[in-house]
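Enquirer: Any chance you can model this:
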Amino acid sequence: MITRVPFYACILFGLALSGQTTQSYIYEPSIENPYGLPNPNAPKQVKDFGPLIGECDCESVSRNADQTWGTPISMLWRFKYVMNGNAVQDETLKADGLHTGSIRQFNEETGKWQVHFYSAAKAQNPLMTWEGTKKEEGDIILYRDNPSPQGTPGFYKISFYNIKKTGFDWLGEWVNPEETIRYPLWKISCKKRG
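Expert: Presented below is the predicted three-dimensional model:
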């Protein structure tokens, strides 16, 4: 019989063998805090994603090639603090097997979040990167340069909105620079577990 050991237990065991104290990593995911904690020495913005920390059951739907909306896909979306509470990592585990994830770091020099996206479908080199901020209304808005298929300048805009303790909504859309044209491409609705 094979016993599976949680990843964080392996880290703690490895630190014990190396003689290092776990006090250096007190904000990492642990038995007491399975999704980690924000480091008080990190930029205060690391808490922007605080309401999303944990696991959500979500429904994801994106556009088909013919521009109709596809069939909704169930997914688990997990957020946790990483790098000893200095950044946020998320991962999606989708029923269709197209899993994705991101590392989210706040850049104090630019005053913006930098989000590096990766996918199980295809290794990206370099990783796609979005930048953005948290709006006063509580929404988190991120952008990446992305011309339209016809070559019109624009952005892929990501919005986390309706953020509550019970869940949140997410929208991926193409927008022109003035945002007078908006074309939704992907929608996700999430309910918090527990």
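Enquirer: hey, what's the nearest residue to L127 once chain neighbours are set aside bridged with?
Expert: Leaving out its chain neighbours, the residue that sits closest to L127 by C-beta to C-beta, 6 or more residues apart in numbering is H116, at 4.4 Å. All C-beta spots, glycine's among them, are computed from the backbone N, C-alpha and C. With DSSP bridges applied, H116 shows beta-bridge pairing to I103, T129.
Enquirer: Please name the residues that touch H116.
Expert: By C-beta atoms under 8 Å, 6 or more residues apart in numbering, the residues touching H116 are S102, I103, Q105, L127, M128, T129.
Enquirer: how much space between the second one and G132?
Expert: This points to I103. Here I103 is placed at a distance of 15 Å from G132 (C-beta to C-beta, to the nearest Å).
Enquirer: Then the first one?
Expert: To G132, S102 is 12 Å away according to C-beta to C-beta.
Enquirer: Give me the common contacts of these two.
Expert: Joint contacts of S102 and G132 (C-beta under 8 Å, 6+ apart) are V115.
Enquirer: and W69, how many neighbours?
Expert: Using other C-beta atoms under 10 Å, W69 has 12 other residues around it.
Enquirer: At the geometric centre of this structure, which residue do we find?
Expert: D90 (4.0 Å; C-alpha atoms, centre = their mean).
Enquirer: close enough to count as contact, that one and V82?
Expert: No - between D90 and V82 there is no contact under C-beta atoms under 8 Å: 9.8 Å.
Enquirer: M128 reaches Y143, doesn't it?
Expert: No - judged on C-beta under 8 Å, M128 makes no contact with Y143 at a distance of 11.8 Å.
Enquirer: Show me which of the two is the more surrounded one.
Expert: Taking other C-beta under 10 Å, M128 and Y143 do not tie; Y143 has more neighbours (17 against 14).
Enquirer: For the more buried one, identify the helix or strand it belongs to.
Expert: strand 140-145 (DSSP states H and E).
Enquirer: What strands line up against that strand, and which way round?
Expert: Here, using DSSP bridges, strand 140-145 pairs with strand 128-134 (antiparallel), strand 155-164 (antiparallel).
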